[in-house]
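Colleague: got a predicted model here, sequence first, then my questions.
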Amino acid sequence: MGLNWKEWNRSDVLYAIIFPLLVVLVIAGLSVLTSYLMSSGGMSGSSGLIIGVISEIEEVVITVAVPLLLGLAWNRWAGGTSGFMLGTLWSMWYAVKYGLYTGSTFRAAGGIHLGPTLLGWVLSAMLIGYMAGALNKGSENFRRMLIAAVISTTVGGFFLLGMFQLSPSNVTPFELTSIAITVLTRVAAGVIIAIIAKVFFWYGMGIHKHTNIS
């Protein structure tokens, strides 16, 4: 028997209404701030730095954090599928946000071509989620989750950086700064997500407990 309509408590209000509402408000606020900075100062100076930081946070959350968490807490299929879907969503959002509508691999007059970059985001996110799930195998051991997270984010980060090099519009050369931005940020997110996944298991929220799929 499930809960009846009278059984409510404070946690329902906190986790079902307030917390998700705050999350979407923060996301909307970052979007509005980015649009304002783009219209006022463009990509130059401090405006460009702030836009870059916001964009990197959004990218890592969507293409790394969520697929990785599902891979660790559930299984490789959940991680890989969510990575593919969210990587595709991020690529489409990025193209629309900055008015970059062509995905061609080759140069042509009058357009910015991000084909390998957009594909890289999709495949990298899918790879991170799937690999994390395949390595962890639903384990609740923190060290195993941490190792799986670090390996999958490192591989996914270097794969993405490699795809950047194939793009005719690449502005991310293969150097230490690019490795720090593209790879190390993903590894850092992997460590954080491994901790969050462990907390999920502490509170009995490991989804794999309710399924035989691994």
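Modeller: Looks like it came in fine.
Colleague: can you list the buried residues in the top helix by length along the chain?
Modeller: Of all the segments of type helix in the chain, defined by DSSP state H, the longest one is helix 142-166. Neighbour-count burial for helix 142-166, counted by 16 or more other C-beta atoms under 10 Å, picks out 144-146, 148-161, 163-164. For glycine as for every other residue, the C-beta is placed from the backbone atoms N, C-alpha and C.
Colleague: repeat that for stretch 31-39.
Modeller: Taking 16+ other C-beta under 10 Å as the basis for neighbour counts, the residues of stretch 31-39 that come out buried are 34, 37.
Colleague: so what's the residue nearest the centre of the chain up against?
Modeller: For the chain, the residue nearest the mean C-alpha position is residue 63 (2.3 Å; C-alpha atoms, centre = their mean). In this structure, residue 63 makes contact with 83, 86, 87, 90, 121, 124, 125, 128, judged by C-beta atoms under 8 Å, 6 or more residues apart in numbering.
Colleague: distance-wise, check the fourth one relative to residue 135.
Modeller: For residue 90, the distance to residue 135 under the criterion C-beta to C-beta, to the nearest Å works out to 23 Å.
Colleague: the residue nearest to the residue nearest to the centre of the chain when sequence neighbours are not counted and residue 13: what is the separation?
Modeller: By the measure of C-beta to C-beta, 6 or more residues apart in numbering, the closest residue to residue 63 outside its immediate chain neighbours is residue 125, 4.0 Å from it. Shown here: residue 125 relative to residue 13, a distance of 33 Å by C-beta to C-beta.
Colleague: ok, those two, which is more surrounded?
Modeller: Neighbour totals were compared for residue 125 and residue 13, and residue 125 leads with 31 against 11 (other C-beta atoms under 10 Å).
Colleague: my guess is that one meets residue 79, correct?
Modeller: No: judged on C-beta atoms under 8 Å, residue 125 makes no contact with residue 79 at a distance of 9.4 Å.
Colleague: give me the common contacts of those two.
Modeller: residue 67.
Colleague: angle of the lowest-mean-pLDDT helix or strand in the chain against helix 142-166?
Modeller: Least confident element among the helices and strands of the chain, by mean pLDDT, DSSP states H and E: helix 45-60 (a mean of 78). Comparing the axes of helix 45-60 and helix 142-166 via axes from the mean of the first three to the mean of the last three C-alpha atoms, to 10 degrees yields an angle of 120 degrees.
Colleague: alpha carbons of helix 45-60, as PDB, please.
Modeller: Listed in PDB are the C-alpha atoms of helix 45-60, where the atom choice follows Å, rounded to 0.1, in the frame of the first residue of the first chain:
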ATOM      1  CA  GLY A  45      37.600  40.900 -21.000                       C
ATOM      2  CA  SER A  46      35.900  39.900 -17.700                       C
ATOM      3  CA  SER A  47      32.600  39.200 -19.500                       C
ATOM      4  CA  GLY A  48      34.200  36.600 -21.600                       C
ATOM      5  CA  LEU A  49      35.800  35.000 -18.600                       C
ATOM      6  CA  ILE A  50      32.500  34.800 -16.700                       C
ATOM      7  CA  ILE A  51      30.700  33.400 -19.800                       C
ATOM      8  CA  GLY A  52      33.400  30.800 -20.100                       C
ATOM      9  CA  VAL A  53      33.100  29.700 -16.500                       C
ATOM     10  CA  ILE A  54      29.300  29.500 -16.600                       C
ATOM     11  CA  SER A  55      29.400  27.600 -19.900                       C
ATOM     12  CA  GLU A  56      32.000  25.100 -18.500                       C
ATOM     13  CA  ILE A  57      29.900  24.500 -15.400                       C
ATOM     14  CA  GLU A  58      26.800  23.900 -17.500                       C
ATOM     15  CA  GLU A  59      28.700  21.600 -19.800                       C
ATOM     16  CA  VAL A  60      30.200  19.500 -17.000                       C
END
